[in-house]
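take a look and give me a structure for this.
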Amino acid sequence: MNIRPLHDHVLVKRLSAQTNMIGSLYVPDSAQEKPQEAEVVAVGAGKQLKDGRRVAMEVKAGDKILFGKYSGSETKVGGEEYLILRESEILAVLG
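The predicted model follows:
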């Protein structure tokens, strides 16, 4: 299945969590916070202004990004978990 975000939305896949250990304590997956870093999978065409012009997206597929803790909407496509968020919810591009 193919998925394409519209307008100023971005489809991202979260990067895997760093570790399951804090010091010498094991932290189960259910107790860990979800990572706030992701890789951009696809981007929309950009935000459309009232006069019909489009504002170009600043991120592109392959970029690694940092986003807010409660940003976006989670979705599952073809057994994979993704997050769809607006470009304005992206805090930084990691380089």
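
what about residue 44, distance to residue 7?
As defined by Cβ to Cβ, to the nearest Å, residue 44 lies at a distance of 5 Å from residue 7. All C-beta spots, glycine's among them, are computed from the backbone N, C-alpha and C.

which of those two has more neighbours?
A side-by-side neighbour count of residue 44 and residue 7, using other Cβ atoms under 10 Å, places residue 44 first with 19 against 14.

what strand or helix carries the closest residue to that one other than its chain neighbours?
Once its chain neighbours are removed from consideration, residue 44 has its nearest residue in residue 5; the separation is 4.3 Å (Cβ to Cβ, 6 or more residues apart in numbering). Element membership for residue 5, per DSSP states H and E: none, as it lies in no helix or strand.

pretty sure residue 5 sits against residue 11.
Yes: here residue 5 reaches residue 11: they are 4.9 Å apart, a contact under Cβ atoms under 8 Å.

quickly list what's touching both of these two.
Overlap between the contact sets of residue 5 and residue 11, as judged by Cβ atoms under 8 Å, 6 or more residues apart in numbering, is given by 42, 43, 84.

would you mind listing which of these are buried?
Neighbour-count burial within these applies to 42, 43, 84; the criterion is 16 or more other Cβ atoms under 10 Å.

list the buried residues for stretch 6-16?
Counting neighbours by 16+ other Cβ under 10 Å, one finds that the buried residues in stretch 6-16 are 8, 9, 10, 11, 12, 14.

quick one: residues contacting the second one.
Residue 9 is in contact with 43, 44, 84, 85, 86, 87, counting by Cβ under 8 Å, 6+ apart.
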